[in-house]
Structure formats: structure tokens, C-alpha cells
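Engineer: Curious how this folds, go ahead:
(4 chains, ligands or ions: 6)
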Amino acid sequence: MDILTKKDFESDQEPRWCPGCGDFAILAQIKKLLPDLDIPKENFVFVSGIGCSSRFPYYLDTFGFHSIHGRAPAIATGIKLANPALKVFIVTGDGDGLSIGGNHLIHLCRRNIDVTVLLFNNKIYGLTKGQYSPTSEKGKITKSTPYGSIENPFNPVLMALSAGATFVARSIDREQKHLYEILKRAAEHKGTSFVEIYQNCNIFNDGAFESLNNPDNILYMQHGENYLFGSNMSDIPELPTPIGIFRDTKIEVYDELFHKQINNSIEKKGRGSLHELLDSEDAWLVK
Amino acid sequence: MDILTKKDFESDQEPRWCPGCGDFAILAQIKKLLPDLDIPKENFVFVSGIGCSSRFPYYLDTFGFHSIHGRAPAIATGIKLANPALKVFIVTGDGDGLSIGGNHLIHLCRRNIDVTVLLFNNKIYGLTKGQYSPTSEKGKITKSTPYGSIENPFNPVLMALSAGATFVARSIDREQKHLYEILKRAAEHKGTSFVEIYQNCNIFNDGAFESLNNPDNILYMQHGENYLFGSNMSDIPELPTPIGIFRDTKIEVYDELFHKQINNSIEKKGRGSLHELLDSEDAWLVK
Amino acid sequence: MKSKDNKILERVTIRFAGDSGDGIQLSGQQFTNTTALAGNDLSTLPDFPAEIRAPAGTLFGVSGFQIQFSSEDIYTPGDQADVLIAFNPAALKASIGGLKHNGILIANSDAFKPRNLKLAGFDHNPLDNGDLKAYQVFSVPITKLTREALQEIDLTSKEKDHSKNFFALGITYWMYSRSLQSTMQWIDKKFQFNEDILEANKLALNAGYNYALSTELFATAYTVHEVKRTPGKYRNINGNEALALGLIAGAYKADKSLFLGAYPITPASDMLHILSRYKNYGVKTFQAEDEIAGIGAALGASFAGDIGVTATSGPGFTLKSEFIDLAVITELPLVVIDIQRAGPSTGMPTKTEQSDLLQALYGRHGEAPVAIVAPNSPADCFNVAFGAIQTALEFNVPVIILSDGNIANGSEPWLIPNTNQLPEIKVEYATKPDEYKPYKRNKATLARQMAIPGMKGFEHRIGGLEKDEKGNVSYDAENHDRMVELRAEKIDRIRPFIKEPELTGLKKGELIIVSWGSTYGPIYTAIEELENQNIKPSWLHLRWLNPMPQILDKVIKNFKKVLVIENNKGQLLRIIRSEYLVDAKGFNKVTGLPFKSIEIVQIVKTLTEN
Amino acid sequence: MKSKDNKILERVTIRFAGDSGDGIQLSGQQFTNTTALAGNDLSTLPDFPAEIRAPAGTLFGVSGFQIQFSSEDIYTPGDQADVLIAFNPAALKASIGGLKHNGILIANSDAFKPRNLKLAGFDHNPLDNGDLKAYQVFSVPITKLTREALQEIDLTSKEKDHSKNFFALGITYWMYSRSLQSTMQWIDKKFQFNEDILEANKLALNAGYNYALSTELFATAYTVHEVKRTPGKYRNINGNEALALGLIAGAYKADKSLFLGAYPITPASDMLHILSRYKNYGVKTFQAEDEIAGIGAALGASFAGDIGVTATSGPGFTLKSEFIDLAVITELPLVVIDIQRAGPSTGMPTKTEQSDLLQALYGRHGEAPVAIVAPNSPADCFNVAFGAIQTALEFNVPVIILSDGNIANGSEPWLIPNTNQLPEIKVEYATKPDEYKPYKRNKATLARQMAIPGMKGFEHRIGGLEKDEKGNVSYDAENHDRMVELRAEKIDRIRPFIKEPELTGLKKGELIIVSWGSTYGPIYTAIEELENQNIKPSWLHLRWLNPMPQILDKVIKNFKKVLVIENNKGQLLRIIRSEYLVDAKGFNKVTGLPFKSIEIVQIVKTLTEN
Ligand SMILES: Cc1ncc(C[n+]2csc(CCOP(=O)(O)OP(=O)(O)O)c2C)c(N)n1
Ligand SMILES: Cc1ncc(C[n+]2csc(CCOP(=O)(O)OP(=O)(O)O)c2C)c(N)n1
Ligand code: SF4
Ligand code: SF4
Ligand SMILES: [Mg+2]
Ligand SMILES: [Mg+2]
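Structural biologist: Ligands and ions are numbered 1, 2, ... in the order given. Prediction:
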């Protein structure tokens, strides 16, 4: 296999995000990570929905599919089942992944399909210029909530855990080292790995994660340990926000079981021929 | 207010479920419950999606909306926001509510809209004649999985809890008294109340809850207590299945906040007149 | 067999009708298989009740199965029945309208009890008074006779009653001089693990046969001779089965894995059921969380090198629109199957209709043309599915197959094709990484250059934003206009590659009928009948709805009248009028039922008389 | 003001162009307000970049704002600009093609630095060599001059640079003899909490004005006189604002709460933003988890007695189809707004197109007709929205409004209607519980009898399965056919209640133009121009697309040629051809941009010449 470098993963398209957007930092870590994964370049596929974050695939020189709003998990599932040798990433936003696409995301996690989900959580709809999202805090004033939002936010980590993702973690755009480590662990995981990345949208929700500039407000979880949290984990405003890995377990992976059934059937019955296919026990001959 | 009886809630349509279907038992308890709720008959609205269970509204003489597959929560939200005086029930199935409609359901719970959700979990698609559902156990052989399902089931109670429903409970179709009690508590709750009802489909998934005929396999939770469960609650096959109320908390209700914003605005600015509406600061007069 | 009269008939239509629990579909299926083996041509139509299990004895719960068989080629399950077997009053009520004048009614008199009569809305027993004068009525106490026949068997009465459909079947086998052998074998296999039931069913079948034989109930038995057919091996097949086989065969010939992403919905669920059994053919089936995810996964699979297929019906088809739009702009191969049913909305899910044509053509935002093809009979589904796979892969386009409930569940004999004669499907991949441009096109087909993940050096991005030839996002005004035109022209380029439909009748004349899909059978039959009456309209039955065949353009203006026959309110009609500016008229019906050929005979006669 | 030349002009088009960060839209808006107050007629078109913030200085990031103003009635933002203000090289490159020969170019010369030139794809500075000979070029160091003017202000240079759009605005105010007052007031209010910026902007505005005045940069200032108008109170309004006000007014006159269920999408998000501010009008807005939930909530609200509305664009419109189908069969009032944008799929979200017409008509499974109406200009949106509410409530049908990006963001002066002259909207409810049948119909409108939850004694069930008159599920064949026809006829019954469009020109002749939606402005202008050249095509601009107006039927065959002009590939064209069997031709363009009137002038001339 060729030895790959960061540069190999740079596409010829200049990223079109606002200067200062947290997406740049995440892109930088991914470009750093990919050559470290020992996977042939042509086996990477990045699938995304719609949103600022979902432009991500254009800026990497891998196979990529910038699809429609909220549906990346469905496409990624098809890709992985078509060719399990591929390393599939989903890049999504808090709107794309948890609002319109919430159902596909939890079903992906439930099935434990072997893909890595990167949810860029900026707690806002960036691309449509600043409406509140399912992760925005109650009371938030946005274009669509001039009197403040009246909705309780989802906790993406909790949703992924409940839905059954087998690797669940959280990191922060600007915590470069931590982010790299988490991304690496996620990418190397077999089964659905889900990473929530706090991402600053400096245009429509600047400073959403400002409080985490103070390390006292962060609880770094030690890698490898499995923390047990009640269902309100991290929603308790007085406690520090946990960062790190929430779950890392291995159970059977959907796409493997999927192909195992096919292979077993072929082993047992022999690979079907066209002739057998069309024939039938109940057929009769006309002379 | 008129004194209502069970009979007042009987519609002129004979239920079209298979003889022996668990849906009958649930219908019986609801008919018993409604007169006990002290709510004028005309204020009940039953909204459903599509499925055997979703035929429910036809068999009650209340306002009813048998809608499209998976979308009952959206309709119910609109109904409740249009007229908060209504008592709105959603009747859904494990396919309707957790497969195609999963996203609407978790967003309903997250918002804490004041409706009562009855999820008839028969762990199968009944109306379409027996495919596995998101609650079917792994390995299940159905029409669409002749070699056994390879998916991990959702735990509906856990999903509702994680999504933020403020009342979450579970009961069983044939446990008439328990069911009645739970339904009553759910109906009286302010905010999203979610009840998973184990329901036997004697045609396509008979005996799915047979093990619960043995009381040793059931853990009856005491009403009023708030049990704390880890995220794997009730998924552990060796432990008895918990039945009863998992959460019963009160937080601000979406529809109240919704109307509060409107009323506050009217109080502050005065009710808008058509004239003010059309006029503008930047207007100019042409003579 | 006693040597009674045995009359030769050319064609016969039988209808079985009873409660959903009466085993109607099973009887029909067995009669069909036996009839096929006897060498008749045949066509069947199961008619399911609205609900899974309506209350027993009610009209909603009536399940029907109709079969026409003949010593000539036939194309419909028959307008009206010669024989009706009614298992209860509701079945009688629901079906008697479809029995011919002087037709044979065999009724299970044991089921005509007060409660059942009331449920069916009779205030008296129609078997007892003169209501049924117009028919030859045979009241047979089928329940009682079955129980008697099973005296020795160790089953409860209720269990024994489950065998009464075999008793009735036995009667019909005698009537049409059928062998019991194939059904006996089927029973042997099906119930091998339940000896009592196995025995009971065999006894009941025999008892029914012997009852008819010995009671001299019927004066005559009948024989329908073998039909003359192209030599070869035949099997009976329904529409959904034939679609499934066509898809698998297409993928096979393209050397691709077939990937089905689907969500259950009547009457398309069987596509998922059937294909999920072909795992040893490498067929992949994925039951998704909804229709959107089903097509999404299929599109993803196509992107990664499989051939993606999704199958659904009305409501599910609507939900797939946004993804079809994406398939149009990304120019990926995809087959979307819509088994149409009566709409709008949930409508009447078990009933047939052809009302999704305009949705298939236009049901997407933006200019988003796709290829559309429709089978005209159950067996035809094989070729249509094969052709859809071929077109999708050779042009890199989404292809929509419009089948319907009528075709999906109906069955007919099918000449099993010679596998060598099926064409190879050529899938082209880009070969030069340095020159690779995702939207560079094949000169003939305009298909864009494909490269799939795993192909070294071909890394590229596609998506729903407008693209330039290099595959980069483009908001350029002229580029967009050009891409819109190219996507449309690509569909036009399919035209030379598909078989033109055959014109029935003359190229010029008074009247031409234009039609598509499942109306084929009734129209074919009507035209035969009209010919007998020396009325000869021309007829063009379309297979491809987009692109439209060239022949239409050539002949349609040669006729004074154009009649478009559809199970909708005039959808192809609009296209024909708009494309060819002829004052075509529609003959339309949306009752959830297929046309009867007699209805078509009548309208044509009306139109040609004056 | 120095007494320089001051020339009178009839109409002027100005275009501001710069980086997204340059405050272009703000300048445009201020110029517009000032122009409105000066009494000119005007029409504007903002032209947003593709992405939120493309990299500074690139072509993707160019934001534009064009305004035409006049002492005569005008209907478009102008084909070509008289004046272009370009803030950087990319803006110059992207916009120079739209500047008239010998037009005025004002360029911020400070921005023409090597890096910016390169980003815009220039290999030299176009201001320095002869490239721009065709124009009157004014190189103004706007950045430098602004900084100088703000010397005394305590802001960083970067912050000061944000005021440079006011400097440029000042120049234009001098050029067109405008008062600074309204913008000064606006600045006072807008920046009341930030004194430094407030001061800076005011200083910059003044500085720009004085710079133009004192440097004698321009030989002449111009005056555009007031336009003669119907007396009354006017305001400037864009399409989405006018839709919002029309909806609120309609609900008000119907004595209903307005309920919007929506999910953000460009260019429809503003509907949600605007309506969410009108809470003291009882307006309810619900941001749903997706488009499906948005329309679902709206339909639920309609069922419970509000008037439900949903607003979206292309992809979201597609997703709403299944619910529109449900609204059709349940016959509930509902308004669905589709602000069309360039498709298919994600397409070019910030660009305009009219390509969802066929989807609006046919994009649902089954036969599911709905009413469709399209505004022809920003101000017209008010009446269209009001009428949609009225029709939805009086007929109990879903009504689709087809606006587009061009109308949504464009603005023009609007004569504020007299609130008393808006009609009352009569909503009828059933009154007799004992006789209540949900599908019993009003004889005139065929609207079904409504009763809403909370009405004692009217408990009933509705849903997506086919129903009989009593509201019970029915699989009856004839009932389904009848209900399908009734739902279609109900739409036809709307026809007598709506205003027929006015025919421009003669009832008979060589050529008639047929059109709909936002092409109104350019066609109107073209027809004026053609009249000057003594060419007089007739013209019919449709407001309702379903039902179609009666007049079409009457006049369309009187013309030798029918030309259908649309920003799509011929959608109304298909309808016209199919309905009227005339050999209509299309003039079509899908470049993401509106037609220029000159393009229409040309095609008409070509068609009428031979
Ligand atoms: C079907 C559909 N609905 C809505 C939109 C408009 N839309 C585009 S991105 C977006 C939300 C983006 O938010 P998020 O996923 O958080 O991404 P971000 O831009 O914040 O990275 C919306 C509503 C769309 N493109 N398609
Ligand atoms: C959009 C759409 N997709 C699919 C269907 C077909 N369908 C009807 S009910 C159903 C699943 C029913 O399962 P569940 O919700 O568990 O209800 P049950 O019948 O078991 O009570 C499906 C797939 C449909 N009607 N509409
Ligand atoms: S809008 Fe926000 S999320 Fe989007 S590119 Fe700009 S800063 Fe990033
Ligand atoms: S199929 Fe199952 S769930 Fe449906 S009515 Fe019959 S028993 Fe009940
Ligand atoms: Mg976001
Ligand atoms: Mg179920």
C-alpha cells in the first residue's frame, strides 16, 4: 500500500466556510487522521446530508456523497452493505442528524452498522442562517424564535447510547489533540461509532461553548473506562460537561451478519445459477 | 357536564381486528377510562397513524383522525396547539411509532407536548401481514427475514425516557387492572405521557409475551416511586421485565409555553389590528 | 369415473368466495396449479378483503379468487364467472353480481344460518326462496359432509372444518375432469409434519370428488382441452414473482449484486419477501425504517457498485420522490418499483388502480425526467424488470416500473426463457484516472462516466447541488441550463434502444385505442370479441411511458378517433393530447377493479357506430 | 448643493455588488427606502451568493442588489444597470456584463490589490488598462476615504471599513439628488446602543455625499421625478413579507387563528421568521423537526379549527406530498406555500426557477387535485395569500401557492389596502348534530360539512382511507369512483369564484403570450417596448393554475401562434397544449435568473416577423 500523507487527502476545492468557523479545525484533524488509519485512500467514503457541516466531503480527496437533508445514514448503509471493505464516514449537523434525520440516525445506531458518524453540533442551523436546532438551549433567541425557544434540547450522546451505538464519544473542535484521539478511536471501532463534536459557529451562534474554555467546566473521561451515567448525564447545568468516550463495546456488526447470511446460504445451497432461478418444481413441459 | 358512561364512547363501527387480538382488550380499558376522566366527550381527540392498532379511533365515538403512517405525532401537535383544551391521545404501533414515525415521536417527547401516547407493541407489523419490526427480537424469522432478523431491537421505554417524555410507563394488554391504572395516570399527566403496551398479535406473533404469564418474570414497579435504571434496563434477558411507571415528573409543558408567549405578546403590545398590521413605519403617502 | 356426459368447453371462469379464514386463496392456488398442469391457458385474480381479518361472516371479510382457463390463449381472469363457489352468505352477496346468467352456484348450505345471513344483510335465506332463479343453484352441506368424511380423524370439529375448502375443491376437480394428483402431492409435502391434518385434507378432497361423482349432482362434467403453445417449459407465475426473477436475472447478466432497500406496504411487500429468500444468488435485501431510507440505501448501494432497487406502492412512492430527484441529478442507476393501488392517500390499499403515472412523470421538484416502463401482465413483469435493470445500468438513470395490484397478484403461465438468450448487460467504468471527469458522457447514450469507491485514483464527490462536467459544484447560469437539457436528452436517447410496441390492426382508420399496463388483458380480449363482430379498431399498447415510442408519432394522426383506456381519470390521455395535439378521449374507471372486456367492447361499439 | 447640471431621467437602474461582508444588501435596502420616499416607482432584486460566506474576494462570494426606479410605472428591477458600484474585483467581474454600454462604473480602487485580483481571476488590474473603455469608470479609493472621514472615531481600521458601504451610498444619494434624512434616522435607531458605530456610519454617509458634491467627480446629478400613482399610503414590500401579511389578514377576516408549521429552507425561511414576530396577532408558528411534521401539524391545526399553513421550497415541497394527499382525501382547508428555486434536488438553492408547477399539479399518488395559485410580483403576494386562505376555507381544500425566489426577495411599492375593503371570509360549520354527515356537501361549492373537536355532538372520524358520505371507511367500487370525481369537481367549482385574468391586447390575432408567476414583470415591460415598435401581441397572465380560467378556452384558438413563457422547460406549456389542443410553443430558460425583457422583445419580434 502507498504511504499516504495529509496532502493526499486535500481536494482541489477551497473550503467555503466562514472565516473562523469551527469546521476548519475538524477538517484539519480528519486530514491528519486519514493517513494514519492504514486504509487505502480509495476505500474511504464520506457521506453527508445538507448543512454547512455537510459540505465536508467536497474538501477531502476521497469518494464522497453530499446527499440530501437528513438522509446520509440511509445512503451510508447502502454503501457499506454493497461493499463492506469500504471505510464509511457520515458527516452531519445537529439539524441534519437530529432534526430531519433523527430517525435514520437512531436506526443506524440500533443496527450497529459499521460506519463512523461525526455530528458537528453548533447548536444552530448554520446554512439556513440561524434558526434554533434540536440541541439549542431553551430560551434561545434566534430568527425563528424572536421570543425565545420553548423546546428542551436533545442530548446527542444520550440518544446515541439509547439507540444502541456501540461507540459513543464527545469532543470539541478546538481541542485538537483530544479530537484527534477520539476520532482515531472512533474510526478504528467496528460497529456504529458516534462522535458528537462541539463546533463553534462564529456567525450565528458564536461562543456557544465558551464556558468550556475554562477547564473546570470540562470533565475529561479517561479513555478505555466505561463511565456509567444516569439518563440526565451532562444535562445537569451545575456539573462539568463530560468529554471523551462514553461507551466502547463490541457486539456483532450488522454488515457482517448481513454478509454471513448470504455466504451461509451460498455454502449450503450452492451459488444459484440463472437456470435454477427461473425453473420451478411446478413447471411443466409443452412439446 | 353530562355524566358519561362507557357506552357513550362506543362508535357504530364494529372493530375489524382478528378475533383474539390484544387490541380488543386495550379498547375495552380505554372505553372504561374515558368516562372516568371528567372531560367533556367532545374534547377527546384520538389520532393514529397506519397499522392494525391505528384503526383504534374508528371504534370510539370521539373526534378521531386516522392519518398516515408514522405521522400521528405531527398531527396531534397541531391539534393541541390549535386548541389546548382538547385531550389528545395518539395511538400507534411499534412500526408506526418507532420505525417510520420514530423521529416525530422523539421530538414530541422532547418538546413535552401535552398528549398521551399509547404504543401498542406487538413486536411485529400486523397490518402488512407479519414482517419484523424495530422491537422484534434478534434472530426472529418473519416474512421479510426468512433467515432470521439481524437487528437489535429498540427498547421503547428507554427511547421515550431519553427523548424527554415526562411520564413513561409500560403495561400489558391482558393485565386489565394494571392497564387501567397506568392509562389513567398517563391520561391525567400534564405533558407528554408515553405508555408502551405489550399487545399480543395472535396471528403473526402469537405468544410474544407468553413468558410474562409467569408472574416471576414480571417486576411490578410501585406507582409513585421513580425507579432509576441504567441504560440497559429491561434488556437484560435474565432479569424480570419491569412493568409500571418509569418516570413521572412535571416540567413546563410546550403548549402552555406556546400560548403564554402569545398572550404575553398581546398583553404587552395589545392585540394587533388589521390596520396596524398593514401599516409600516416606512410607509409614505401619495396624494 | 361413471360414464356421464362429458362436454368440451373452450373456456371457463370459476370464482371461489368465502371468509378470509375459509382457505379461499389456497383453493384457488391449487386449482390453478392443477389447471396449469392440465395444459390450459389461464389467468387468475385474487381479490383480498380490505382488512386482514374482518369479523367472520361480514361483507368486509370476503376473500375471492377468480380463474379463467381455456384451450385458447386468454388474457384476463374473465369478466363473469361460469361457476361460483360461495362458502357463506356474505360471499354470495358480494359475488353473485359477477356470476353469468344461468351460471352454476355451489353454496355451502351449512353456512346459511340466521346469524350469517344477518351479517350479510339478508333478511331471509336466498337459497330457500326464488331469489336465485337466474342461476343453477346447488346447495351442498359442505361442512356436514366434510365432518362426516373425517369421522375417523382425531381432530376437533373446528379443526375438521378447516378442510372444507378441499371438499369444495374436490367437487370442482370432478366437474372439470381434473386429476387429484398434484394437489395430493402438495398436501403430502405441506403437511408432512402434521399427519392428522394431512390425512384430513386428503380425505376431504377425495370426498368432494366422490360426492360429485356419485350423487349425480351435476348432469355433466366438462373438459377444457390443452391450449396450443410454443413448446417449452412453463410455470405459473404472478406479477411480483416475475418482477423478482427479472431483477435477479438482470443483475446476474450485469454481473452486479442486486440490492433491494424496501419498507413493507401492500401490495409491494412480497417483493421484499420473495427477494429475501434468494440469498444464495447474492441478492441483498434490507428492510429499512421507512420508504425514504429504503430508496436511500438502494441509491447508496448503486453508488458503491451494486444495482439498487426499491419497491413500494402509492404512499411509499410519494415519499421516495426527493431521493429520485437526487438520483436524477447524480445520474446513478436505480430501479424504483411502484405497485400502484387505489389512491389518493391510503385510499383502498388492496384495490388496483393506474393513477400514479403523472406522479411518476412529474412528481418531483425541478426538471427531473426519469425513464418509466409498465408491464402488461404478470408474466410480462420478468422482461420489464430485466429491461429496467439494463436501462438503468446502461444509461445511469433511475427507471420507474409501474405495476399495479392487479398484475402483482394475478398469475398466468409463463414460458421459462432460455437463459442463454437473455442479453448480457454491459456496465462501463472509467479507465483513466488522470482524465476522469464524473460528468463526461458517452456519446451515444449520454451516460456519465462511472467510477465506484474502491477504484484507485478515481476519488470524486457527487451530490444534489448542480455540477459542472468535472463534478464540481456550479452556480453558473449556462451550465445549469445545459445540464437540465442533458438530463432530459438522456431519456430521449433511450428510445432507439427499446423495442417499439406492435400496432394491432391497420395503420389508418376510424379508431385507435391507446393504453398501458394492466388494461392489456381486457383490451386484448375485447378486440378479439370485436373482431368476431367485424369491428376492427387499431390498438397500441405502450410499454415505455418515458420515452414514448416513435410509432405513436407516426400513426396517431391517421385516425379519426383516439381512445385512451386507463384505470385512472385520464393520465396518459393528457400526455397523448399534449404531445400529439389529437383530440383523444378517455375511457376511465377508478373502482378499484380492472376493466371488464365487455365494457371495452361496448365503448368501442358506441364510438364506431356513429 | 452646488448648482451643477441636474438632468431629468425617466428611469434608472443601479446595481451594488461586493463581498457578502460588504453590507451590499443593507446599502440596497437603504437606497430603496429613500427612493420610495422620494416617490418613485421601483423594483428590486437582491442576488445572494451561493454560500453563506464564501472565501472573501472570490466570485462565489459576490452579493448583489439591483434596483430600478422610475417616474413611470415599472415592473422589473431592470435588464441592465446604468450604474454599477463594485466593491472589489470579483464583484466587478461578476457584474460588469450587466452594465449598459457607456454606463457608470464606480469601483473601490483600494480593493483592487493583487490578491483580490487573482482571486477574481484577473491577471492585471482592469481599472488601470483599457479593458473598461466601454464604460465611464470612476475609481474611488473608498476604503481610504472612509478611514479618513472616521479619523476621530475610536474604532479599529477593520471596524471602520464596515462603514464604507455608507460612503458609497452617500455618493449615490448625491448622484440622484436624494435626501440623507431617512437613512440617517435609520442609523440613529439601528445603532442606538453603539454610539461609535452610529457616528461612524453617519460620518461615512455624509463624507460620501460631500465627496461627490465637492470633487466634481460627476459632471451631472440626476433627478427622477415622482411617479403618478393612485393616491393612498404606500410601503415597500418584498414577496415573503406580502405573503405573510396576506395570510394574517385572511385569517383575521375568517376569524381564525393562523397556524404556520414549517421547517427552515432557502428561500422560504423568512416566512417562518416573519410570522413568528406577529404573536400579538394570535399568529402561531411552529418550527417542526422536518417538512413532513410541519405540514402535518398545520393539517392537525386545521382539523382542530385553526387555518393551517406551511411554507417551504422545492425539496421540502416534495416531502410534503404525502400529507397534501391526505388533505385532499380528508378535505381539510390548508395552504401550502412553495417558494420555488432552481432544481432538481438541492440544485442551486439561492437561484430562482418556476419548475415545480407540474409537481404541484400532479406530484401525488392517486387522483389528487388541488387548487393552485401564483403571485406575479412581490406586492401581489398579499392578494394571493389572502385569496388562498379564502379558497381553502370556503371549499375545504388544500391550496398551493407557487411563488419563487425572484418574487420572495424582490420588492416594490405596495398601496396599503383599506382594511374595510377586504372581504369577510365565511366559514361554515355544521349545526345539527343528529343529521351530521362529514362528507355531506354544500350544493354550490361541494365543500363538505365541517365540525371541529369541541363541538358537542359532532364527534366523528376522518382519515386517509376512502370514505362514504357518512364518513365511514368504504371499499365500495362505485363510491370510490364518485368520490374521486367529486374531489375533482370541487376544484372546478372554484372557477366562478375567482377573478378572471385580464387579457392584454386584442381577442384575436397573430400571437398570444401566456404566462404565470414572476415572468409578469419582464413580459409587461417587453410589451410596453414592443408597443413602441408598433408590435402588439396579446397577453394573458394566469393567476390560478388550477382551476384554469374560462377566458383561455374562449380566446386561445383565435391566435395563429401561442407562446408560453416560463422559467422552466415547458410546464404550463404542456397543460395548455393538452387542454386546448393548440400548437403552443415555449420560450424557456432555466439559468437561475429571471428573464430580461429584451429577451422577450426579441423572441416576439422573431415570431411576428415571418
Ligand atoms: C429537505 C430539506 N429541508 C430543508 C433544507 C434547508 N436546510 C439546509 S441545511 C439545514 C439545517 C442545517 O443545520 P445543521 O444540520 O445543524 O448544519 P449546519 O449548517 O449548522 O452545519 C436546513 C434546514 C434542505 N436543504 N432540504
Ligand atoms: C407510507 C406508508 N408506508 C407503508 C405502509 C404500509 N404499512 C401499513 S401499517 C404498517 C406497519 C404496521 O405495523 P405496526 O405499526 O406495528 O402496527 P400493527 O399493525 O402491528 O398494529 C405498514 C408498513 C403505509 N400504509 N404507508
Ligand atoms: S454559518 Fe456558522 S457553521 Fe456555517 S460556515 Fe459560517 S460559521 Fe461555520
Ligand atoms: S394481525 Fe395481529 S395485530 Fe392485527 S388485528 Fe390481527 S391479531 Fe391484531
Ligand atoms: Mg448546526
Ligand atoms: Mg405492530
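
Engineer: Tell me how many other residues crowd residue 63.
Structural biologist: I'll assume chain A. Neighbourhood size, A:F63 [other Cβ atoms under 10 Å in any protein chain shown]: 28. Glycine gets a C-beta too; all of them are placed from N, C-alpha and C.

Engineer: Actually, chain C is the one I wanted.
Structural biologist: Around C:S63 there are 23 residues (other Cβ under 10 Å).

Engineer: Just want to check the distance between A:K268 and C:I248.
Structural biologist: A:K268 sits 18 Å away from C:I248, going by Cβ to Cβ, to the nearest Å.

Engineer: what does C:R341 give?
Structural biologist: Between C:R341 and C:I248 the computed distance is 24 Å (Cβ to Cβ).

Engineer: what's the pLDDT at residue 191?
Structural biologist: I'll assume chain A. In this model, A:G191 is scored at 98, pLDDT.

Engineer: Please refer instead to chain C.
Structural biologist: So, for C:F191, pLDDT stands at 94.

Engineer: for C:G18, what are its contacts?
Structural biologist: C:24, C:62-63, C:85-88, C:91, C:108, C:165 (Cβ atoms under 8 Å, 6 or more residues apart in numbering or on different chains).

Engineer: same deal with C:F458?
Structural biologist: A:42, A:63, C:430, C:433, C:436, C:451-452.

Engineer: Can you report phi and psi for it?
Structural biologist: Dihedral angles of C:F458 (phi, psi; degrees, to the nearest 10) stand at phi -110, psi 20.

Engineer: Can you list the low-confidence ranges for the stretch 1-150 of chain A?
Structural biologist: Confidence mapping of the stretch 1-150 of chain A against pLDDT under 70 gives the ranges A:1.

Engineer: Please repeat the previous calculation with a cut-off of 80.
Structural biologist: Scanning the stretch 1-150 of chain A with the threshold set as pLDDT under 80 gives A:1-2.

Engineer: residues from it in reach of ligand 5?
Structural biologist: A:93-94, A:122 (Cβ under 5 Å from the ion).

Engineer: Would you mind giving those residues as TSV with secondary structure added?
Structural biologist: As requested, those are arranged in TSV below (DSSP: H, G, I helix; E, B strand; the rest coil):
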residue	secondary structure
A:G93	strand
A:D94	helix
A:N122	coil
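
Engineer: Most neighbours among those residues, please name it.
Structural biologist: In terms of neighbour count, A:G93 stands highest of those at 34 neighbours, by other Cβ under 10 Å.

Engineer: you'd agree that residue is up against A:R55?
Structural biologist: No. Shown here, A:G93 and A:R55 do not form a contact pair, counting by Cβ atoms under 8 Å, at 10.2 Å.

Engineer: the helices in chain A, which residues?
Structural biologist: Along chain A, the stretches classed as helices by DSSP state H are A:22-33, A:72-82, A:94-95, A:102-111, A:156-163, A:176-188, A:254-269, A:274-278.

Engineer: OK, contacts around the closest residue to ligand 6 within the stretch 201-350 of chain C?
Structural biologist: Taking Cβ to the ion, ligand 6 has its nearest neighbour within the stretch 201-350 of chain C at C:P264, 11.3 Å off. Contacts for C:P264 (Cβ under 8 Å, 6+ apart) come out as B:125, B:128, B:131, B:144, C:272, C:287.

Engineer: now do 6 Å
Structural biologist: Listed by Cβ atoms under 6 Å, 6 or more residues apart in numbering or on different chains, the contact set of C:P264 reads B:125, B:128, B:131.

Engineer: Could I get the buried residue list for stretch C:196-204?
Structural biologist: Under the neighbour-count criterion of 16 or more other Cβ atoms under 10 Å in any protein chain shown, stretch C:196-204 has C:197-204 buried.

Engineer: And for stretch C:563-579?
Structural biologist: Of the residues in stretch C:563-579, C:563-578 count as buried by neighbour count, 16+ other Cβ under 10 Å.

Engineer: on that earlier part again, more neighbours: A:K268 and C:I248, which one.
Structural biologist: Between A:K268 and C:I248, counting by other Cβ under 10 Å, C:I248 is the more crowded of the two (24 against 9).

Engineer: on that earlier part again, for the contacts of C:F458, which PyMOL command selects only the ones that are buried?
Structural biologist: Buried subset of the contacts of C:F458, written as a PyMOL selection, criterion 16+ other Cβ under 10 Å:
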select buried, (chain A and resi 42+63) or (chain C and resi 430+436+451+452)
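
Engineer: ok, the closest residue in space to C:P264 that isn't next to it in sequence - how many residues close by?
Structural biologist: By the measure of Cβ to Cβ, 6 or more residues apart in numbering or on different chains, the closest residue to C:P264 outside its immediate chain neighbours is B:T128, 4.3 Å from it. Counted with other Cβ under 10 Å, the neighbours of B:T128 add up to 24.

Engineer: So C:A91 sits against C:A17, correct?
Structural biologist: Yes. Using Cβ atoms under 6 Å, C:A91 is in contact with C:A17, at 3.7 Å.

Engineer: residues shared between the contacts of those two?
Structural biologist: Common contacts of C:A91 and C:A17 (Cβ under 6 Å, 6+ apart): C:V62.

Engineer: Tell me which of these two has more neighbours.
Structural biologist: In this view C:A91 and C:A17 are compared by other Cβ under 10 Å, and C:A91 has more residues nearby, 30 against 27.

Engineer: ok, that one - contacts?
Structural biologist: Taking Cβ under 6 Å, 6+ apart as the criterion, C:A91 is in contact with C:17-18, C:62.

Engineer: just curious, which of the residues you listed is nearest to ligand 2?
Structural biologist: Relative to ligand 2, the closest of the contacts of C:A91 is C:V62; by Cβ to the nearest ligand atom it sits at 21.1 Å.

Engineer: secondary structure class for C:Y429?
Structural biologist: Under three-state DSSP, the three-state class of C:Y429 is coil.

Engineer: To what extent is it buried, counted in neighbours?
Structural biologist: Using other Cβ under 10 Å, C:Y429 is surrounded by 11 other residues.

Engineer: how near is A:G130 to chain C?
Structural biologist: Separation of A:G130 from chain C (Cβ to the nearest Cβ, to the nearest Å): 21 Å.

Engineer: how deep is that residue tucked in, by neighbour count?
Structural biologist: By the measure other Cβ under 10 Å, the count of residues near A:G130 is 20.

Engineer: OK, contacts around the closest residue to it other than its chain neighbours?
Structural biologist: Spatial nearest neighbour of A:G130, chain neighbours left out: A:F204 (3.6 Å); criterion: Cβ to Cβ, 6+ apart. Each residue near A:F204 by Cβ under 6 Å, 6+ apart is listed here: A:124, A:126, A:130.

Engineer: switch the cut-off to 7 Å
Structural biologist: A:124, A:126, A:129-130 (Cβ atoms under 7 Å, 6 or more residues apart in numbering or on different chains).

Engineer: One more: C:L26?
Structural biologist: Counting by Cβ under 7 Å, 6+ apart, C:L26 makes contact with C:N165.

Engineer: SS state for it?
Structural biologist: C:L26 - assigned by three-state DSSP - is helix.

Engineer: Excluding chain neighbours, what is closest to residue 179?
Structural biologist: By default, I'm working from chain A. A:S171 (4.5 Å).

Engineer: You answered for a different chain; I wanted chain C.
Structural biologist: Spatially, and ignoring its direct neighbours in sequence, C:S179 is nearest to C:T34 (6.9 Å; Cβ to Cβ, 6+ apart).
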